[in-house]
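**Student:** got a predicted model here, sequence first, then my questions.
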Amino acid sequence: MPSHALSFWILFFGILCFSTAIILFKLSQIDPALLSALRLLVATAILAPWYLRDRRIYRDILKPRHLLAAVLPAVMLAAHSISIVYGSRLTTAANSTLIITVMPLILPFMLIVVAREKPTRAELLATVMAVAGVILQCGFDFSTNKEYFLGDVICFFSLLAVSAYVALGRRNQYLPSLWLYVVPMFAIAGGLCMLAALLRVNPLNQSFPPREIFIVIGLGVVPTALGNSILNLSLRHLRGQVVSVVGMTQIIFTALIAWPVLGEIPPWPTYVAAALIFAGGYVVIRQSLRQPASELIAAIPEVA
């Protein structure tokens, strides 16, 4: 178990890994469902040795409910993975980014229902600050054009799915091992995405040039195997809303990566937004560091 301060450094590294996803989505031409399936299955293959190791270690205490706990989060992850790629291709980058990164406004309600975890005043203040930063950055480019309506709706659905995914990850922190949770979840989600892909394309008839293979492997390793695993690790040691607010720095990291890779120079609101987002993150981090580590993992009931 990492120290409390180290947990935040690990989380920031995970967010940085997450930030590469939207860049790779934009660079790929693969069908959204197939791309989601491939990256989740690549992550499953990479992490399988750790799953098999921990399955041997905990074989005496493993029960069917431990595997079943990964099913619903896998459904949410699959829905989010497909919809964010598909929706972002039907709307503007500003619209999709703004919709997805206001997750901290939705998550508190899901945390109350799913994990029985209520946000603190400091977390709510930090949420307002960070969301204000996101709106400032994206609001200047946000478009209400009817042409983007379907994409906006799909991105909003993706927001609900990823919020549920995070809330369920917080609830399932009682599981004996991180890998016994995330690896089956990736495998199930990958399988669901592949079934969805079969309704649209024949994977065997698809051509995968070296560029697309590199993108698939990159997505499987960086934002999925590393980013998603670190997110779920953080949910085992930090409060859900804390992870959500700090996770909003992803929009800043993405903008910085897009500058050299896509040639997208951040507009001036980005710098003001970055200050607000990091200020919000500072508020929740400062509050968390003042609390004993034992208080951060609230008594969350196990899945029956």
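**Tutor:** Noted; the coordinates are in hand.

**Student:** distance from the helix or strand hosting Ala275 to the middle of the chain?
**Tutor:** Assigning secondary structure by DSSP states H and E places Ala275 in helix 268-290. Computed by Cα atoms, centre = their mean, to the nearest Å, the separation of helix 268-290 from the middle of its chain amounts to 19 Å.

**Student:** same question for stretch 169-187.
**Tutor:** On Cα atoms, centre = their mean, the centre of stretch 169-187 falls 14 Å from the chain's centre.

**Student:** ok, stretch 235-255 next?
**Tutor:** 9 Å.

**Student:** export it as PDB, just CAs?
**Tutor:** Extracted in PDB, the C-alpha atoms of stretch 235-255 (Å, rounded to 0.1, in the frame of the first residue of the first chain):
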ATOM      1  CA  LEU A 235      -9.800   4.400  -5.700                       C
ATOM      2  CA  ARG A 236      -8.600   1.800  -3.200                       C
ATOM      3  CA  HIS A 237      -6.700   4.500  -1.200                       C
ATOM      4  CA  LEU A 238      -8.400   7.800  -1.900                       C
ATOM      5  CA  ARG A 239     -12.000   9.100  -1.800                       C
ATOM      6  CA  GLY A 240     -13.900   8.900  -5.100                       C
ATOM      7  CA  GLN A 241     -14.500  12.600  -5.400                       C
ATOM      8  CA  VAL A 242     -10.900  13.300  -4.700                       C
ATOM      9  CA  VAL A 243      -9.800  11.100  -7.600                       C
ATOM     10  CA  SER A 244     -12.400  12.700  -9.800                       C
ATOM     11  CA  VAL A 245     -11.400  16.300  -9.100                       C
ATOM     12  CA  VAL A 246      -7.700  15.600  -9.400                       C
ATOM     13  CA  GLY A 247      -8.500  13.600 -12.600                       C
ATOM     14  CA  MET A 248      -9.800  16.800 -14.300                       C
ATOM     15  CA  THR A 249      -6.100  17.800 -14.800                       C
ATOM     16  CA  GLN A 250      -6.300  15.300 -17.700                       C
ATOM     17  CA  ILE A 251      -7.700  18.100 -19.900                       C
ATOM     18  CA  ILE A 252      -4.600  20.100 -19.300                       C
ATOM     19  CA  PHE A 253      -2.200  17.200 -19.900                       C
ATOM     20  CA  THR A 254      -4.100  16.400 -23.100                       C
ATOM     21  CA  ALA A 255      -3.700  20.000 -24.300                       C
END
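
**Student:** I'd like the mean pLDDT over it, please.
**Tutor:** Taken as a whole, stretch 235-255 has a mean pLDDT of 73.

**Student:** quick one, phi psi at Leu6?
**Tutor:** The phi/psi pair for Leu6 (degrees, to the nearest 10) reads phi -60, psi -30.
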